[in-house]
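Engineer: The following comprises the amino acid sequence and a computationally predicted model.
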Amino acid sequence: MADDARIRLEVDCGTDAAAVPVVWSESDALVEKRRIARDDSTMAVGLQLIRGTLERMSSKQTKKSPRKSPPAIRPKPIQLALWPSLLTSEQNVVGVASTGSGKTLAYAIPAVAKCIRSLLLRANTNQGPSSFVHGLVLVPTRELAIQVSKEIRNVCKIGNKSLSKLFKDEEISCLVESLAVYGGVDIHEQKSSLFGKGDSGFNSLIVAATPGRLLDILEQSEGQAKDLFSQIHMVIFDEADRTALNPDMCSQVDDILTLLDSFRDEGKNVVHCLISATLPEKAKPKCDEWAPSTRLVAKLGSVTVGQKPSKTEGDDETSGKTEGKKKKSEILDLASMPPNIVQTLHVCASHKKPKKLISTLKRIYERKANSVRFSNNQLCIVFFAQVKTLKFMQKLLFREGLRCAELYGTLSQAEREKRLLEFRAGKTPILLATDVVARGIHIPNVTYAINYDFPTALEQYVHRCGRVGRKQQSLGGDESKYGIPTVYSFFTRDFAAMADSLIELLRSCNAFVDPNLLALSKIHKPSKSASKKRKRSKADDKRDDKDAANEIGDDDFAFLGRQNVLKRASHVSDAEPDSDASDDD
Ligand SMILES: Nc1ncnc2c1ncn2[C@@H]1O[C@H](COP(=O)(O)OP(=O)(O)OP(=O)(O)O)[C@@H](O)[C@H]1O
């Protein structure tokens, strides 16, 4: 069945979009309503939504550049892989595809199609007006909840247009809607948006939520929630590995699933769909638990880095002697990185990073000033591990004439949204951020990312890289206008344990590998001689650092005084993490 559907999809949408049957016709609304409610029709509704969505994207492109012929919009590979299964079966799926490859629509269209079918079933069987949450998307950050909900809303609009034609002669309304539920804003308002739909029509909701806030709502309003969520038939775990690896979020998700199980009408099946660009080994047990008996695992352009620990290598793990090996043995399944991204990695000492950031940004900006158009088209995100460092660097960059905005988890939600909006619009072309924007966030004009602090997990590196070049990736944007998507990373020796896997990853993308990274990986080999070497290299390090400190000229930090800057920079780097919750309630 799914194979037939796939062929039909490829034929209908890949080569001739006009061949998709028109499911909803005004002339024969009643017959159509009955037909759509039949068992095999989710696919037909899905096809209609697919055609509408792709057409909408195409016409948006034409409006933006009316003189050029717009690029043909075709379904992406992950969409072709997931749509048939999600539209024709009730089984769990896992989808792993590279960043920016259109995973959101891969689950959003089937979710909306299923909602429409449920609505029509109810309307056809005279079950009376009602509101239900039919689909739920769980995401790790507030900004992602807002973004995903917006993308689903666009699909809903297409469905609602057709529904309004079908129901135009009837007084009752039939609507499919999308709602974002996330922390940091008034919970009462969110509750009234969720529960206040009333029973004046047939409403089907898809909720995109951060787990903490959703759990609060479910627990505080259990009675109302029980009715509203009793018909849920699809739960999507977007950025599933991130949620699975965050203990707080993981237990919140488990609690949500238990509650949903108890709310759901007996005999109702629920499809679980796990989505990400990365699937680390350590996240797999939880992912398997969330999506048991998976029918389809769609891994596109898959790469595996890291190795399983071999028995002969095994030291006594409990003694803690094998820390290096344990880290090395991390296995990470990931979709291949988008090929258009240039990865530039510098191995450097920690205290050199402020100077390096200033010079990298100045280089980028000089290049931008010389390019044809640089205004809002080439944005840059600089990633930090700690808010303290981020704030320190913001001041430093400001004094160098580089205006930047800051974004981190402890800002008020209104401020977070405002700053992200301004960055999107290009008002502030440089954004200094923590990992709040490392995953899922789609800002088409981001051309550069700089890992000021290298992420502590390789999968996070993959997601950070995925923020750049998304315009080019989705719609084939022009390099002269948008620049070459580039990720700069400052890699310090504290991350040596990750060097091997990182080298593997860089090689898998045919990226240049800094010889210093190779050297670091050799130094890190956890043998006795290596540990001696490590000790020796620490001493070398101190000497190097001293030399390097002398290298930083007064020109660079004249405004603060060299010693002062160095002291503060190293103080900031060494500080205890002033934890920025990149994941939200
Ligand atoms: N078939 C398509 N053709 C062109 N653009 C598309 C298509 N499908 C989706 N897009 C667009 O591609 C962009 C990126 O999609 P999306 O945000 O779903 O990526 P993703 O795979 O979820 O990335 P990430 O892993 O970073 O979250 C969006 O603007 C989306 O509208």
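Structural biologist: Happy to help now that I have it. The model shown is predicted, which means the values in this text are computed figures rather than measured ones. Numbering: from 1, shown residues only.
Engineer: For Asp186, grab the count of nearby residues.
Structural biologist: 9 (other Cβ atoms under 10 Å). Bear in mind the C-beta positions are built from the backbone N, C-alpha and C, glycine included.
Engineer: ok, it to the ligand distance?
Structural biologist: 27 Å (Cβ to the nearest ligand atom, to the nearest Å).
Engineer: Please renumber the chain so that the first residue is 47 from this point on.
Structural biologist: That works, and once the first residue is 47, the last one we named lands at Asp232.
Engineer: per the record, what domains does this protein have?
Structural biologist: As recorded under automatic domain parsing, the domains making up the chain are 126-351, 383-612.
Engineer: avg pLDDT for the longest one?
Structural biologist: Same thing as domain 383-612. The predicted model assigns domain 383-612 a mean pLDDT of 80.
Engineer: Please state the offset of it from the chain centre?
Structural biologist: Averaging C-alpha positions (Cα atoms, centre = their mean, to the nearest Å) puts domain 383-612 19 Å from its chain's average.
Engineer: what does stretch 192-209 give?
Structural biologist: Counting by Cα atoms, centre = their mean, stretch 192-209 comes out at 19 Å from the chain centroid.
Engineer: list the buried ones in it?
Structural biologist: Using 16 or more other Cβ atoms under 10 Å as the test for burial, stretch 192-209 gives 192-195, 197-206, 208-209.
Engineer: what do you get for stretch 437-453?
Structural biologist: Lys437, Phe438, Met439, Gln440, Leu442, Leu443, Glu446, Leu448, Cys450, Ala451, Glu452, Leu453.
Engineer: The ligand contacts on the chain?
Structural biologist: Taking Cβ under 6 Å from any ligand atom as the measure of proximity, the chain contacts the ligand at 103, 119-122, 125, 145-151, 323, 486, 488, 512, 516, 520-521.
Engineer: Just the buried subset of those, please.
Structural biologist: 103, 119, 121-122, 125, 145-151, 323, 486, 488, 512, 516, 520-521.
Engineer: ok, now which ones touch the closest residue to Thr145 other than its chain neighbours?
Structural biologist: Leaving aside its chain neighbours, Thr145 sits nearest to Gly512 (2.4 Å; criterion: Cβ to Cβ, 6 or more residues apart in numbering). Neighbour list for Gly512: Ser144, Thr145, Gly146, Ala323, Met383, Pro384 [criterion: Cβ atoms under 8 Å, 6 or more residues apart in numbering].
Engineer: what's the spacing between stretch 202-219 and its chain's center?
Structural biologist: That offset, for stretch 202-219, works out to 32 Å (Cα atoms, centre = their mean).
Engineer: Poorly predicted segments of the stretch 147-296 of the chain, please.
Structural biologist: In the predicted model, the stretch 147-296 of the chain carries pLDDT under 70 at residues 172, 174-175, 215, 217, 244-246.
Engineer: swap the cut-off to 50 and go again
Structural biologist: Scanning the stretch 147-296 of the chain for pLDDT under 50 picks out nothing.
Engineer: give me every residue that touches the residue sitting nearest the centre point of the chain.
Structural biologist: Against the mean C-alpha coordinate of the chain, by Cα atoms, centre = their mean, the closest residue is Gly486 at 1.8 Å. Contacts for Gly486 were tallied using Cβ under 8 Å, 6+ apart; they are Val185, Thr187, Leu190, Gln193, Val194, Asp284, Glu285, His509.
Engineer: how close does it get to Ala191?
Structural biologist: 10 Å (Cβ to Cβ, to the nearest Å).
Engineer: again with Ser308
Structural biologist: 24 Å.
Engineer: And these two? Which one has more around it.
Structural biologist: Ala191 (27 against 11).
Engineer: Toward the C-terminus, what is the element adjacent to the helix or strand containing that one?
Structural biologist: Applying DSSP states H and E as the criterion places Ala191 in helix 188-212. The first helix or strand that comes after helix 188-212 along the chain, using DSSP H and E, is strand 219-227.
Engineer: What separation is there between the nearest residue to Asp334 once chain neighbours are set aside and Gly141?
Structural biologist: Of all residues not flanking Asp334 in the chain, Thr340 sits nearest, at 7.9 Å (Cβ to Cβ, 6+ apart). Per Cβ to Cβ, Thr340 is found 10 Å from Gly141.
Engineer: With Gly229 instead?
Structural biologist: Applying Cβ to Cβ to Gly229 and Gly141 gives a distance of 27 Å.
Engineer: do Arg553 as well
Structural biologist: 25 Å.
Engineer: who's more crowded, these two?
Structural biologist: Neighbours were counted for Arg553 and for Gly141 using other Cβ under 10 Å; Gly141 has more, 28 against 13.
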